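*Asks:* model this:
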Amino acid sequence: MAYIKLPEEELLPGIRGLMAFRPDTARPLNALAEILLRDPNNNLSPGERETIATYVSYLNDCLFCQSVHGSAAQCYLEDDGTLIAQIKKNYEEAPISDKLKALLAIAASVQKGGKNVTTAQVEAARNAGATDKEIHDAVLIAAAFCMFNRYVDGLGTWAPTDPQAYAARGIRIKEDGYANFDAMKSIGK
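*Replies:* Numbering: from 1, shown residues only. Alright, predicted model coming up:
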């Protein structure tokens, strides 16, 4: 049970219940997620960006966010869950690009605190082919998901423990994105 009374709490897990509680803040938060995770003017694929969000949420132990965004990453990357599990376990050994590995290292440092990012990490990302925009966006995705994770967990929202409960959300995110808040309210989609 969340720390505050949320509308339809039993039907709307995680951030979804919070967004129903405060639709005025939900719209800009969803707009931010849409730009960060789905903007077509980015060399990182939506799957790679969702992977960064998933990894940071995993590091923050936010079950809801790592599950929802992990499901979205799986949809974009056509992954059965194996790759996302490998990344969570040890991204350095996962079969992903060196560029994504370098960006995940930066994201992990941001998760600990922004001042933990090092010049060496940024240079490693550049050497792996990351542009300044991709480095910027990896940092901003990591910072934003630290906020989203703390929002979800700081208000004690609930999250389904069955990974299959998130499959439909991942498909819905891939198809509809984040910007259409009213469409996101629908249960199970």
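
*Asks:* can you map out the helices along the chain?
*Replies:* Using DSSP state H, the helices of the chain run over 14-21, 23-38, 46-59, 63-77, 82-90, 98-112, 119-127, 132-154, 167-176, 181-184.

*Asks:* Quick check: chain neighbours aside, which residue is closest to the residue nearest to the spatial centre of the chain?
*Replies:* By C-alpha atoms, centre = their mean, the mean C-alpha position of the chain lies nearest to A53, the distance being 2.7 Å. Nearest residue to A53, sequence neighbours excluded (C-beta to C-beta, 6 or more residues apart in numbering): H69, at 4.3 Å. Every C-beta, even on glycine, is put in place using the N, C-alpha and C of the backbone.

*Asks:* give me the number of residues near the one you found?
*Replies:* 31 (other C-beta atoms under 10 Å).

*Asks:* re the thing from before, mean pLDDT for the helices of the chain: which is lowest?
*Replies:* Lowest mean pLDDT within the helices of the chain: helix 181-184, a mean of 48.

*Asks:* re the thing from before, turn the helices of the chain into a markdown table, columns for distance to E8.
*Replies:* Below are these laid out as a markdown table (distance: least, C-beta to C-beta, whole Å):
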| stretch | distance to E8 |
| --- | --- |
| helix 14-21 | 6 |
| helix 23-38 | 13 |
| helix 46-59 | 23 |
| helix 63-77 | 16 |
| helix 82-90 | 29 |
| helix 98-112 | 31 |
| helix 119-127 | 42 |
| helix 132-154 | 16 |
| helix 167-176 | 16 |
| helix 181-184 | 13 |
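
*Asks:* out of those, nearest to L6?
*Replies:* Minimum separation from L6 across those (C-beta to C-beta) falls at helix 14-21, 4.1 Å.

*Asks:* Residues contacting that closest one, please?
*Replies:* Contacts to helix 14-21, defined as C-beta atoms under 8 Å, 6 or more residues apart in numbering, come from residues 2, 4, 6-9, 12, 25-26, 29-30, 64-65, 68, 148, 151-152, 155, 157-159, 181, 184-185.

*Asks:* count of residues packed around A85?
*Replies:* Neighbours around A85, by other C-beta under 10 Å: 13.

*Asks:* Ok, the one 3 residues further on next?
*Replies:* Other residues near K88 number 17, with proximity taken as other C-beta under 10 Å.

*Asks:* Check the gap between it and F145 for me.
*Replies:* Distance from K88 to F145, counting by C-beta to C-beta, to the nearest Å: 14 Å.

*Asks:* ok, now L77?
*Replies:* For L77, the distance to F145 - C-beta to C-beta - is 18 Å.
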